[in-house]
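S.K.: coordinates only, sequence not included:
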C-alpha cells in the first residue's frame, strides 16, 4: 500500500488536524450541502486516540460516541439531527424524514437496519453511515434538495441501491434526474480490490465502475458524476481499512445533508415542489392510458401481497451483467422472500422472486407456494 503525501492531502481537502475530509471542491456550488468523511486520526479533537466512529468494533470503540459528537460539532451539526444506517446489513433503500432523527446516533441498537441507503428531503438533517472500505455514494438534487446516501456491498456488488435511490428521489422527491449530482466517496478502488466473480470482465470488475455505470444507466449525465478517486486501501494512514487492518478495524463516518440555518431553503423548496407537482400532473393527464410505471407496479403489488413473509418486500431490481455483458440489467419488479433461504430453496443463496411468481402466489394463493409450505413444515411458521 502507498501512503498519501502532503500534496495529496491538500488537493483532497483532508484536514489532518481535525481528521475530516470535506468535499468542498465538488460541492462548492452548493454551499448549503454538507458532505464530509472522517478519517483515522484527529489530533485536535481526539488526541492520540484513533478517531473511530464504530460503537461496536475497532480500537477505542469506548470513545466512539464522544468522537461522533466531536465530528458533528466540527461540521456544525447536532448529533441528534443525524440518522444512521448499518452498511453491513444491506437491503432496500429507505425514505426517511425528521421522525427518524437520532436513529443510531448515540445508541447503535436504534440504527436503521436492512438498508443499503437512505433518501431524505428535509433540511437540517444529516444521513450517516460507517465507512472503512465500502464505497459510498451521495446523490443530490440541487433544485428540490432531495439527497441520498447509499453504500455498495463489496461482497455482493450491485448498482441496485443507486437505482432505488434515484427512483425514490424522482417519485417521492419530484427530482429531475438530469439535474442530479452523483459523488463517489473514498473507498476501495480498482488498485486494491477486484471482484472474485470470473464472469465479470477484468476491466469492469471494480466498485468505482459499478457505481459509475449504475448512475449513468439511471440517467445522470457523465459530467455530473464526481469521483476524487481516493482509495482507502492505498491511503491507510488517513482512513480505516479492513483490507490492511483486518476485520477488527474501526470505521470512519460519512455524513451528508442539506443545512438551512436561516430557513430560506424551506420557502424555496416549497415553491419549487408545488410548481413541479403541477407540471407532472399535467404530464400524467397527457399520457392517458399508458402502461403503469415500475414504481406504480411496485406500490400496487406491495399493497396486494397476501403472504405474511412477503409484506412490503416488493422492489425494483437490477443487477450486473456478466459473461461479456455491459453495465447493469434493465430494472424489473422483484420480491425478496423473507423465508426462502431458511426453507433451503434459495437458488445459489439468492432469495429473489420474479414478478410472475409474485402475482400467482405471493399476492395470490400463497398457501400453495412451495417455499411457504416447506418453511411451515420446517419451522412451524416461526420467523
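M.R.: Happy to help now that I have it. All figures in this text were calculated on a predicted structure; none of them were measured in a lab.
S.K.: How is the protein divided into domains?
M.R.: Using automatic domain parsing, the domain parsing of the chain gives 6-258, 294-379.
S.K.: and among these, the most buried is which?
M.R.: domain 6-258 (a mean of 20; mean count of other CB atoms under 10 Å). Glycine gets a C-beta too; all of them are placed from N, C-alpha and C.
S.K.: returning to that earlier point: of the domains of the chain, which shows the lowest average pLDDT?
M.R.: The minimum mean pLDDT among the domains of the chain belongs to domain 294-379 (a mean of 82).
S.K.: measure that domain end to end?
M.R.: 34 Å (CA to CA, to the nearest Å).
S.K.: Figure out how far that domain is from the centre of its chain.
M.R.: Relative to its chain's centre, domain 294-379 lies at 21 Å (CA atoms, centre = their mean, to the nearest Å).
S.K.: can you pull out the helices in this protein?
M.R.: Ranges of helices within the chain are 6-12, 24-27, 43-46, 64-74, 160-171, 207-218, 242-245, 264-287, 294-304, 355-357, 370-379, based on DSSP state H.
S.K.: Between these, which one is closest to residue 139.
M.R.: helix 160-171 (5.6 Å; CB to CB).
S.K.: first to last residue in stretch 337-351, what's the distance?
M.R.: 5 Å.
S.K.: And stretch 140-158, by the same measure?
M.R.: End to end - CA to CA - stretch 140-158 spans 20 Å.
S.K.: for stretch 215-225, same thing?
M.R.: End residues of stretch 215-225 are separated by 8 Å (CA to CA).
S.K.: how about the nearest residue to the residue nearest the centre of the chain, chain neighbours excluded?
M.R.: Among the residues of the chain, residue 150 comes closest to the average C-alpha position under CA atoms, centre = their mean, at 1.2 Å. In this structure, residue 150 finds its nearest non-sequential neighbour in residue 117, 3.0 Å apart by CB to CB, 6 or more residues apart in numbering.
S.K.: Tabulate the domains of the chain in TSV, adding columns for distance to residue 273.
M.R.: As requested, the domains of the chain are exported to TSV (distance: least, CB to CB, whole Å):
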stretch	distance to residue 273
domain 6-258	6
domain 294-379	18
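S.K.: closest to residue 255 out of the helices of the chain?
M.R.: It's helix 64-74; of those, that one is closest to residue 255 (CB to CB) at 7.6 Å.
S.K.: Which other helices and strands does the closest one contact?
M.R.: helix 43-46, strand 252-258 (3 or more CB pairs under 8 Å, 6 or more residues apart in numbering; DSSP states H and E).
S.K.: Just put these in a markdown table and tack on distance to residue 37.
M.R.: Below are those laid out as a markdown table (distance: least, CB to CB, whole Å):
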| stretch | distance to residue 37 |
| --- | --- |
| helix 43-46 | 14 |
| strand 252-258 | 5 |
